[in-house]
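Participant: the sequence and its predicted three-dimensional model are supplied below.
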Amino acid sequence: MSKRVAVAGATGRLGTLVCEVVEAHPDLDLVARLTSSSDPSAGADAEILVDVSHPDASAAIVDRALARGQRVVVGTSGWSAARLAELRERVAAAGGTVLVVPNFSLGSVLGTALARAAAPYFDAIEIVEAHHPQKVDSPSGTAVRTAEVIAEARGDRAIEAPYAEQPARGELVAGIPIHSLRLAGVVAKQEVRFGGPGEVLTVMHDTHSNDAYRAGIRAALEFVAAGSAGSGLTVGLDRVLGLDGLGRPAAGEVAA
Ligand SMILES: NC(=O)C1=CN([C@@H]2O[C@H](COP(=O)(O)OP(=O)(O)OC[C@H]3O[C@@H](n4cnc5c(N)ncnc54)[C@H](OP(=O)(O)O)[C@@H]3O)[C@@H](O)[C@H]2O)C=CC1
Ligand SMILES: O=C(O)C1=N[C@H](C(=O)O)C[C@H](O)C1
């Protein structure tokens, strides 16, 4: 039987694509396209709520869906590790299901996994991200997530960033400088640069069009619709695609 889906942020760039994916799916039924002016009761009969709205609105939208017993997929940016930790508690208290996907593109997810793998081996690490000028937030959610993943992979190893008090050297997230560009002609781009003696490794990903998100959106919806997310909070498309071991040391193995 089809699962009923409501989309918050349905008129936006990403929301329009999410609606297309839902409408094209044989087992999903689009029942509500929600915007900032929608009646708060709209979409209450959906079983799955997809939030692709605005960083300032996302938490309230997710909380309302949890209160209704809806399963939730979040693509909106702004979900830092601190906000996710709070959300995890609310999801557990509600006995709900929430999947947060900082980036629906396969290449981006692989890029973050490669950055995680490289993280313990270089002490100079910086992230440069560029997006279209309509993007309302900076740094991007993907860059924040990448910085947090790198910091986690490094454990206690500090990053070389002695110039943190100089704004032009980037905003520090989890100890890693992030530089944000907002440029006409760009969709989304991220470079993670690792510096070591006599060498620089760059992990780079380019999104040329929103088509990059289509397969990931579909996979995330199917994951949640099938109940594969279980209850609780799941973060990342890597979990959906079974790639979450990528870039992590095997059990018992410690990076040099
Ligand atoms: N995870 C991923 O792979 C991706 C994530 N994103 C993220 O998705 C989010 C949306 O991006 P994008 O589609 O480009 O943004 P847009 O500005 O194009 O669209 C925003 C949408 O959200 C709605 N909205 C804005 N404020 C509210 C509110 N207070 N309550 C309910 N709805 C609201 C808007 O409706 P209205 O017209 O009424 O204002 C509009 O439908 C951003 O956080 C972006 O970073 C983007 C691309 C990929
Ligand atoms: O606003 C965007 O466009 C994007 N937002 C997400 C982010 O903040 O990382 C994902 C992707 O970079 C596109």
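Facilitator: Now that the structure is in, tell me what you want to look at. Please read these numbers as outputs of a predicted model, since none were measured by experiment. Residues are numbered from 1 along each chain as shown. Ligands and ions are numbered 1, 2, ... in the order given.
Participant: can you count the residues close to residue 160?
Facilitator: Using other C-beta atoms under 10 Å, residue 160 is surrounded by 13 other residues. Yep, even glycine has a C-beta here, placed from its N, CA and C like the rest.
Participant: mind checking pLDDT for it?
Facilitator: According to the prediction, residue 160 has pLDDT 83.
Participant: start at 54, not 1
Facilitator: Done: numbering now begins at 54, and the last item shifts to residue 213.
Participant: for ligand 2, see how far away it is.
Facilitator: 25 Å (C-beta to the nearest ligand atom, to the nearest Å).
Participant: that residue and residue 207 touch, don't they?
Facilitator: No: under the criterion of C-beta atoms under 8 Å, residue 213 is not in contact with residue 207, lying 11.6 Å apart.
Participant: residue in the stretch 204-309 of the chain nearest to ligand 1?
Facilitator: Relative to ligand 1, the nearest point of the stretch 204-309 of the chain is residue 266 (4.9 Å; C-beta to the nearest ligand atom).
Participant: repeat for the chain
Facilitator: Closest point on the chain to ligand 1, by C-beta to the nearest ligand atom, is residue 65, at 2.0 Å.
Participant: not counting sequence-adjacent ones, nearest residue to that residue?
Facilitator: Closest residue in space to residue 65, ignoring its immediate chain neighbours: residue 105 at 6.4 Å, by C-beta to C-beta, 6 or more residues apart in numbering.
Participant: just to revisit the earlier point, what residues are up against the residue nearest to the residue of the stretch 204-309 of the chain closest to ligand 1 when sequence neighbours are not counted?
Facilitator: Once flanking residues are discounted, residue 266 sits nearest to residue 157: 3.8 Å by C-beta to C-beta, 6+ apart. Residues near residue 157 by C-beta atoms under 8 Å, 6 or more residues apart in numbering: 128, 265-270, 273, 290.
Participant: no further questions, thank you.
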